[in-house]
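pasted the sequence and its predicted model underneath.
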Amino acid sequence: MLGFYVLVALGSRSPLGRWWESLTGHTLAFTFEGLVIGSLLYSLPFAVQPFATSFGAVDRQLLRASASLGHSPLQTFRRIVLPLSKAGLVTGFALSFAHTLGEFGVVLMVGGNIPGVTRTISIDIYDQVQTANYSSANQTALVLLIISFVVLSVVYGANRRPWAVGPWR
Amino acid sequence: MNWQAFWLTVRLAAIVSTLLIAIGIPIAYWLTYSRWR
């Protein structure tokens, strides 16, 4: 559904598509740039949700103290909220990275299947399955699985606070 | 293993997640601190 509407929005009949075409001479659909736009929309909630949760977890008294010391909302955000939300920012980055790594429908709809331009690893797995090349599909899927697992493990491991559960607390 | 597709995917994921940091932070800030919520 999202892929279809992004494809329509990026096509040469839409205002955005026409504007891009007049600028660059080619449409956004079935290009790497179009793929980036589609993936941005697709993965946006996976980044925004952890960001918003970590911003909301910052103690409001700290924000009030900062304001009472004369800091503007932007200064308070940059000096207090952002440093205290580091874990949420890292989590949002990792989730959106892993989510984009495995996306299929939007990529196929917006980018098609052009080797070297829009053929991602998930479409390559699909192609291998279509040609009954299961051993190659298995190998590729396994590499993708390991990468996603490693990325998520590293991020969640880095975000763990051992002092919060350790016996020495 | 199609390494061309692999590196294209990694490049796409890296660009998208980096851009989402820039786009997602203002949206999350607005969702968290806007007065209407």
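Sure thing, it's come through.

give me the spatial nearest neighbour of residue A:3, chain neighbours excluded.
residue A:109 (3.0 Å; Cβ to Cβ, 6 or more residues apart in numbering or on different chains). C-beta: built from backbone N, CA, C; applies to glycine.

surely the one you found meets residue A:8?
No: Residue A:109 lies out of contact with residue A:8 (Cβ atoms under 8 Å); the separation is 10.0 Å.

between those two, which one's more packed in?
Counting neighbours by other Cβ atoms under 10 Å in any protein chain shown for residue A:109 and for residue A:8 shows that residue A:109 has the greater number, 18 against 13.

tell me the pLDDT of that one.
With respect to pLDDT, residue A:109 scores 88.

over to the one 3 residues further on?
Among the per-residue scores, residue A:112 shows a pLDDT of 83.

quick one: the residue nearest to residue A:3 from chain B, how far?
15 Å (Cβ to the nearest Cβ, to the nearest Å).

which one is the residue in chain A that chain B sits nearest to nearest to, not counting chain neighbours?
With Cβ to the nearest Cβ, the shortest gap between chain A and chain B falls at residue A:51, namely 3.5 Å. Leaving aside its chain neighbours, residue A:51 sits nearest to residue B:28 (3.5 Å; criterion: Cβ to Cβ, 6+ apart).

for residue A:118, same thing?
Leaving out its chain neighbours, the residue that sits closest to residue A:118 by Cβ to Cβ, 6+ apart is residue A:111, at 3.1 Å.

residue contacts, the one you found?
By Cβ atoms under 8 Å, 6 or more residues apart in numbering or on different chains, the residues touching residue A:111 are A:30, A:31, A:32, A:34, A:35, A:38, A:117, A:118, A:119, A:120.

let's see 7 Å
Counting by Cβ atoms under 7 Å, 6 or more residues apart in numbering or on different chains, residue A:111 touches A:30, A:34, A:35, A:118.

residue A:39 versus the residue of chain A closest to chain B, what's the distance?
17 Å (Cβ to Cβ, to the nearest Å).

tell me which helix or strand of chain A sits lowest on mean pLDDT?
helix A:162-165 (a mean of 50; mean pLDDT, DSSP states H and E).

in the chain, which spans are helices?
Answering for chain A, as no chain was given. A:2-10, A:15-24, A:32-56, A:60-68, A:73-76, A:82-84, A:86-102, A:105-111, A:121-130, A:134-159, A:162-165 (DSSP state H).

not quite, go with chain B.
Under DSSP H, chain B gives helices at B:3-33.
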